[in-house]
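In: the following block contains a protein sequence and its predicted model.
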Amino acid sequence: MLKSSKFNYLFNVTLSAIAIILTVTPANALPEQNIDTVVKWAKTRPQLPTLRYNSEAHGYEGTKGKLYFYADVTSENGTVTKEGITVSGDSSLKFTTKNAKAVKLLQNIYNANIANDFQKSRYITKVGRDQFYRGQKFAYITAEVQGGSSLQIISLNKLQGFIDNAKYCQTNQCDI
């Protein structure tokens with residue numbers, strides 16, 4: 001009986017600790033999460049716009065000032081496949097691993113872990129305007145776009161598929 005009460009006590013303490021950690025740890029909406037989580041998370045980020053579903057774009061999007069944010073989903077209530085940020089009208093902000101302003105923006109929107117993951121990511125290849133990077137947690141696609149700079153965050157296991165698709169779209173007509 002004594003062993004089982006010790007076990008129950010340790011079990012309850014462990015569960016309580018996990019509950020506290022999950023409550024205190026800030027949520028980070030990232031690829032592979034449910035879109036409801038991402039939409040709720042975006043409301044807590046002062047830098048981000050209110051996200052609205054766009055059926056033509058197959059995702060949620062919004063613009064706030066010079067920042068455009070989107071999350072592609074498998075369906076209106078589905079799983080996020082990739083997220084993207086585009087900042088326009090600021091020539092000093094370029095999504096590169098060495099641009100302190102871009103890394104700071106990622107830290108402010110997500111957290112230091114994601115900013116560091118991007119900053120320490122390894123350059124893989126360039127296809128067209130897209131540059132592909134592999135971090136420890138996520139993969140990243142950067143590009144200079146008309147009037148700005150963009151960053152996409154994708155799951156590591158999807159990186160090769162995105163590279164293959166970009167190569168395919170170099171010689172074939174693709175919907176972007």
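Out: Yes, it's here.
In: quick one: strands adjacent to the helix or strand containing residue 144?
Out: Here residue 144 is covered by strand 138-145, with elements defined by DSSP states H and E. Its sheet considered, strand 138-145 pairs with strand 130-134 (antiparallel), strand 148-155 (antiparallel) by DSSP bridges.
In: reformat those strands as CSV; add distance to residue 98, mean pLDDT and mean neighbour count.
Out: The way it works is simple: take the backbone N, C-alpha and C, and place the C-beta from them, glycine included. Compiled in CSV, the strands paired with strand 138-145 are given as follows (distance: least, Cβ to Cβ, whole Å; pLDDT from 0 to 100; neighbours: other Cβ atoms under 10 Å):
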stretch, distance to residue 98, mean pLDDT, mean neighbour count
strand 130-134, 12, 97, 19
strand 148-155, 13, 96, 21
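In: can you give me the helices in this protein?
Out: For the chain, helices defined by DSSP state H occupy the ranges 2-24, 35-43, 100-109, 112-119, 159-171.
In: can you list the weak-confidence ranges in the protein?
Out: 1-29, 76, 175-176 (pLDDT under 70).
In: what do you get if the cut-off is 50, keeping everything else the same?
Out: 1, 7-26 (pLDDT under 50).
In: the closest residue in space to residue 154 that isn't next to it in sequence: neighbour count?
Out: In space, and not counting its chain neighbours, residue 154 is closest to residue 82: 4.6 Å by Cβ to Cβ, 6 or more residues apart in numbering. Neighbourhood size, residue 82 [other Cβ atoms under 10 Å]: 21.
In: quick check: residue 82 vs residue 126, distance?
Out: 18 Å (Cβ to Cβ, to the nearest Å).
In: surely residue 136 meets residue 118?
Out: No: between residue 136 and residue 118 there is no contact, the gap being 10.3 Å when judged by Cβ atoms under 8 Å.
In: more neighbours, these two?
Out: Higher neighbour count among residue 136 and residue 118: residue 118, with 25 against 11, using other Cβ under 10 Å.
In: what about the closest residue to residue 148 other than its chain neighbours, distance to residue 64?
Out: Of all residues not flanking residue 148 in the chain, residue 88 sits nearest, at 3.3 Å (Cβ to Cβ, 6+ apart). According to Cβ to Cβ, residue 88 and residue 64 sit 12 Å apart.
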